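*Asks:* A structural model of the following input is requested.
(2 chains)
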Amino acid sequence: MIMESMRKKESPSSVVSTQFPDEVLERVFALLTSHKDRSSVSLVCKDWYNAERWSRTHVFIGNCYSVSPEILARRFPNIRSVTLKGKPRFSDFNLVPQNWGADIHAWLVAFADKYPFLEELRLKRMTVSDESLEYVAANFQNFKVLSLLSCDGFSTDGLAAIATHCKNLTELDIQENGVEDKSGSWLSCFPESFTSLEVLNFANMSAEVNFDALERLVSRCKSLKALKVNKSISLEQLQRLLVCAPQLVELGTGSFSQDLTTRHYAELENAFNNCKNIQTLSGLWEATALYLPVLYPASANLTFLNLSYAALQSGDLAKLLVHCPSLWRLWVLDTVEDKGLEAVGSYCPLLEELRVFPADPFDEEIIHGVTEEGFVAVSFGCRRLHYVLYFCRQMTNAAVATIVQNCPDFTHFRLCIMNPGQPDYVTNDPMDEAFGAVVKTCTKLRRLSVSGLLTDLTFEYIGTYAKNLETLSVAFAGSSDWGMQCVLGGCPKLRKLEIRDCPFGNKALLSGLEKYESMRSLWMSACNVTMNGCRLLAREMPRLNVEVMKEDGSDDSQADKVYVYRSVAGPRRDAPPSVLTL
Amino acid sequence: MSASGSVSTVSRDDNLVSSSEDSSCPDDSDLQLGLGLSLGGGGAGNSAFKLQQQASFGAQYATSLTAKNFPSSSSFSSSSSSLGKPSHASCAKRSADSVANAYSQVVGWPPIRAYRMNNITNQAKSVATDEYNSMIEKNKRKNGVVENTTNGSNKNYGTGKTKTSLFVKVNMDGIPIGRKVDLSTHSCYETLAQTLEDMFLRPTINVTGIRSGIQEHDTRVEATRSLKLLDGMSDFVLTYEDKEGDWMLVGDVPWGMFLTSVKRLRIMRTSEATGLGPRIQESSGRQRNKPI
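*Replies:* Okay, the predicted model is just below:
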């Protein structure tokens, strides 16, 4: 909207800068928060480019190797907040060698020089050492936000350094990392004078923390709005924390199972009753039917309920959901089964996001969990559904067709039929028509994960219809190169393509030559790509980094794992010996 | 150029990144990577995958299993019985198991983050139940009824707690869907036999359909008929495969010795259990229960 109004005022011959001094441009641009908008704005003309770069305070870098700290600092002098993503997503599933890279330290050194007033660091899949954390604590006086998701390389010692020295810290968010959890004493390092914390999330850490220190911390941080504790915190302790912080908006409980006396139970109920602002609830480890009812009074305003660590049965879930009419995000384990999902369909009409995780992903002999019926039931009841992550052991084409007919607004459709290459269990057909239905019906689709038995037809459909698709994940699918060629030739907005265990080879790889520069990255592992194919790609496209990870004992000519990404920083110099840069 | 000395991404130890949560994961010496394949012709006609006819995977210990390593099965739920026809002698013993286990040993599949794996598998051990059935459930849990627990071969992700469990698979003749039982929760043959009876005789198990519909809340705990697996008098006997691959009758050796040698269990029709040992010919209903 801002851009439109400005365009109207431009005439072909007048110079923008005489009408809008830089300061005005910068003021206006300061209101732009989306980095996509900012990228667009910076392309308009040189003056706009400059105004934008001076006014930008937050930068998002989707691939830490696509740009270097030096280049970043040269372009954006006033950055206060950095979001960086490192390793390819499949590193979450152990497909990337250790010491692959994505180390934050070089960035920190550059930041200490160019952005000494850096306030926020949000990292995903980066390697972060204790030294790096200590470096942050020592070099950024204004440091406020540290968020680490799926990172590795650090221990609780590093967190202790942050807690000790970052006097202005407002957010400490440590999620699902490979942390070396030596002890919980890091929490006690927050000085008694420290009161600025607004967000504290240590839910995924295991070591017990000093409860008194935690209680005192929570009491004195009056602005605390998000608190997610770990399993070591008991129900009784939770009650005491809630009494200190009834203003919480996001709560992650500890272990939700304990033998409480009647009095303590009543106190717990009361504590929840006083928490009228809770919108997000998570944790709930070992939650049992006995204690879930204490949540009911606090659930009226719940918008996000994360039960993915609570192995609930359908009945318990149903009873809880009755009290959560405002829910729009729900994560559950498949222990709730189809019946539980029927309850979701019945009680959560506003639901927009559903994630169903498998409680026992490897136990494929005992058939339980959720099936296509549960998904269908949700789709009938929750017409606003647009984000789904669904792990199941059986699915049919017909069910998926029904689902997307009910919910045509899917933006994220991630279906994982856990047995690789499994067909429609009723008809024995491939699941091509299911995903065909998804891409034909859901025109807003941005992210798709496919599974089951799939031929090239699925990819023909995707290439033809998925015009807004940005991320595609493929595993154990396809019949030939043609499948991948269809996708590369068809999806104009494709940014990330990750493929494993598919019969795609060099022909497919090379058909995307021109495409890869418009994408963030391509991952191909256990496909039919050879070293020669990769070398050819690297030679033809110098602005792409083509990296191959080889495995012990594999044929010299096979490119076991290929990671291709665009970069203005050139080939990286920190690759370990197992990663070959071509 | 050559990648010798490269770090294998697949060896189980590497998969433990630097997480202390994973550090209790035991060494995976039993990993069954020897996929017997061939499984000629299994699955839907338009299967996209080539079946690798290689028999021995010993050399490929460090290689990730790929789509080429196993077939797309159209009737997965019929588990090992239809897929267990080895074509290569060296894999004969392992083929049935291996294919059924196939996807649990594929690196990074299903795509779930390691942290979540560690935590949900622990959670599933203490599944929440209705108050009404909680007592029944508690009794069953004492007997080690396992429905949602990992088996010992999930070394990729391990378990966060250091608990030694001894899961073995159990199949019963005539029932396509196998189960698993944690032997470490039993101390004698009697409780094991009772547990197995409960597992396989609960009337809600749909043996023909894919969905077993096992009802957690089923209040009927009495079996419709008793198997009397250990006394040699009924239609079925309980047998086990030992470490040498031989099938033996359960109950002949002391419990502790049994635990060290058992690999898996099979509830076999008495008519088929010939040649397993002299006991089968004995007529009197001698109880085989031998507590430690």
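
*Asks:* shaky segments in the stretch 1-150 of chain B?
*Replies:* Applying pLDDT under 70 to the stretch 1-150 of chain B flags residues B:1-105, B:120-150.

*Asks:* Swap in 50 and give it another go.
*Replies:* B:1-102, B:124-150 (pLDDT under 50).

*Asks:* any idea of the pLDDT on residue 178?
*Replies:* Reading this off chain A. On the pLDDT scale, A:Gly178 is placed at 80.

*Asks:* my bad, chain B
*Replies:* 77.

*Asks:* now B:Gln215
*Replies:* If you check B:Gln215, the pLDDT there is 37.

*Asks:* got it, and B:Ile175?
*Replies:* We have a pLDDT of 79 for B:Ile175.

*Asks:* next one: phi and psi at it?
*Replies:* phi -110, psi 120 (degrees, to the nearest 10).

*Asks:* B:Leu196 is in contact with that one, correct?
*Replies:* No - at 11.5 Å, B:Ile175 does not count as touching B:Leu196 under the criterion of C-beta atoms under 8 Å. Using the backbone N, CA and C atoms, a C-beta is placed for each residue, glycine as well.

*Asks:* Could you check which of the two is surrounded by more residues?
*Replies:* B:Leu196 (23 against 18; other C-beta atoms under 10 Å in any protein chain shown).

*Asks:* how about the more buried one, phi and psi?
*Replies:* phi -70, psi -40.

*Asks:* Ok, A:Leu159 next?
*Replies:* Torsion angles, degrees, to the nearest 10, at A:Leu159: phi -60, psi -30.

*Asks:* ok, and the closest non-adjacent residue to it?
*Replies:* Take A:Leu159 and drop its neighbours on the chain: the residue closest to it by C-beta to C-beta, 6 or more residues apart in numbering or on different chains is A:Trp186, 4.2 Å away.

*Asks:* Now do the contacts for that neighbour.
*Replies:* Counting by C-beta atoms under 8 Å, 6 or more residues apart in numbering or on different chains, A:Trp186 touches A:156-157, A:159-160, A:163, A:209.

*Asks:* let's go with 10 Å and repeat that
*Replies:* Listed by C-beta atoms under 10 Å, 6 or more residues apart in numbering or on different chains, the contact set of A:Trp186 reads A:155-164, A:172, A:174, A:202, A:205, A:207, A:209-210, A:213.

*Asks:* you'd agree it is in a helix?
*Replies:* Yes - counting by DSSP: H, G, I helix; E, B strand; the rest coil, A:Trp186 is found in a helix.

*Asks:* how close does it sit to chain B?
*Replies:* 14 Å (C-beta to the nearest C-beta, to the nearest Å).

*Asks:* mind listing the strands for the stretch 301-450 of chain A?
*Replies:* A:304-306, A:329-333, A:353-357, A:387-392, A:412-417, A:447-449 (DSSP state E, counting those that start in this stretch).

*Asks:* neighbours of residue 194, just the number please.
*Replies:* Went with chain A since none was named. 17.

*Asks:* wrong one, I was asking about chain B
*Replies:* 17.

*Asks:* same question, the one 5 residues further on
*Replies:* When counting by other C-beta under 10 Å, one arrives at 24 neighbours for B:Met199.

*Asks:* Quick check: closest non-adjacent residue to it.
*Replies:* That would be B:Arg179: by C-beta to C-beta, 6+ apart, it lies 5.2 Å from B:Met199.

*Asks:* Thought B:Arg266 was touching the one you found, still the case?
*Replies:* No - here B:Arg179 lies out of contact with B:Arg266, judged by C-beta atoms under 10 Å, at a distance of 11.4 Å.

*Asks:* picking that back up, the strands of the stretch 301-450 of chain A into TSV, with extra columns for mean pLDDT?
*Replies:* Below are those laid out as TSV (pLDDT from 0 to 100):
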stretch	mean pLDDT
strand A:304-306	97
strand A:329-333	97
strand A:353-357	97
strand A:387-392	97
strand A:412-417	97
strand A:447-449	98
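
*Asks:* So which of those is nearest A:Ser42?
*Replies:* strand A:447-449 (25.8 Å; C-beta to C-beta).

*Asks:* The closest one pairs with which strands, and in what direction?
*Replies:* Applying DSSP bridges to the sheet, strand A:447-449 is found paired with strand A:412-417 (parallel), strand A:471-475 (parallel).

*Asks:* Now these in a markdown table, please, with extra columns for mean neighbour count.
*Replies:* As requested, the strands paired with strand A:447-449 are exported to a markdown table (neighbours: other C-beta atoms under 10 Å in any protein chain shown):
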| stretch | mean neighbour count |
| --- | --- |
| strand A:412-417 | 23 |
| strand A:471-475 | 23 |
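
*Asks:* With respect to A:His105, which of those strands lies nearest?
*Replies:* strand A:471-475 (28.6 Å).

*Asks:* so for the helix or strand just after that closest one, what's the average pLDDT?
*Replies:* Remark: after strand A:471-475, the chain's next helix or strand is helix A:481-490, criterion DSSP states H and E. For helix A:481-490, the mean pLDDT works out to 96.

*Asks:* What strands flank the helix or strand just after helix A:481-490, and is each parallel or antiparallel?
*Replies:* Once helix A:481-490 ends, the next helix or strand along the chain (criterion: DSSP H and E) is strand A:496-500. Strand A:496-500 pairs in its sheet with strand A:471-475 (parallel), strand A:521-525 (parallel), by DSSP bridges.

*Asks:* Nearest to A:Phe117, out of these?
*Replies:* Nearest of the strands paired with strand A:496-500 (C-beta to C-beta): strand A:521-525, 31.2 Å.

*Asks:* Quick one: mean pLDDT for the closest one?
*Replies:* Strand A:521-525 carries an average pLDDT of 96.

*Asks:* Check which residues of the next helix or strand after it are buried.
*Replies:* Tracing the chain C-terminally past strand A:521-525 and defining elements by DSSP H and E, one meets helix A:531-540 next. Within helix A:531-540, the residues that qualify as buried are A:531, A:533-534, A:536-538, counting by 16 or more other C-beta atoms under 10 Å in any protein chain shown.

*Asks:* related to what we said a few turns ago, take the contacts of A:Trp186 and keep only those in helices.
*Replies:* If you go by DSSP state H, these have A:156-164, A:213 in helices.

*Asks:* burial count for the closest residue to A:Tyr309 other than its chain neighbours?
*Replies:* Setting aside the residues directly before and after it, A:Tyr309 is nearest to A:Trp285 in space (C-beta to C-beta, 6+ apart), at 5.2 Å. Neighbourhood size, A:Trp285 [other C-beta under 10 Å]: 22.

*Asks:* residues touching A:Trp285, list them.
*Replies:* By C-beta under 10 Å, 6+ apart, the neighbours of A:Trp285 are A:203, A:230-231, A:233, A:252-257, A:309-311, B:119, B:122-123, B:126.

*Asks:* Could you rerun that using 6 Å?
*Replies:* Neighbouring residues of A:Trp285 by C-beta atoms under 6 Å, 6 or more residues apart in numbering or on different chains: A:231, A:255, A:309.

*Asks:* Repeat that for A:Lys85.
*Replies:* Counting by C-beta under 6 Å, 6+ apart, A:Lys85 has contacts A:62, A:124-125.

*Asks:* got it, and A:Asp432?
*Replies:* The contact partners of A:Asp432, by C-beta under 6 Å, 6+ apart, come to A:454-455, A:457-458.

*Asks:* Try it again at 8 Å.
*Replies:* Counted by C-beta under 8 Å, 6+ apart, A:Asp432 has contacts A:397, A:454-455, A:457-458, A:461.

*Asks:* which of the residues you listed lies closest to chain B?
*Replies:* Ranked by distance to chain B (C-beta to the nearest C-beta), those are led by A:Thr455 at 6.0 Å.

*Asks:* Quick check: closest non-adjacent residue to that closest one.
*Replies:* In space, A:Thr455 is closest to A:Ser479, 4.7 Å off (C-beta to C-beta, 6+ apart).
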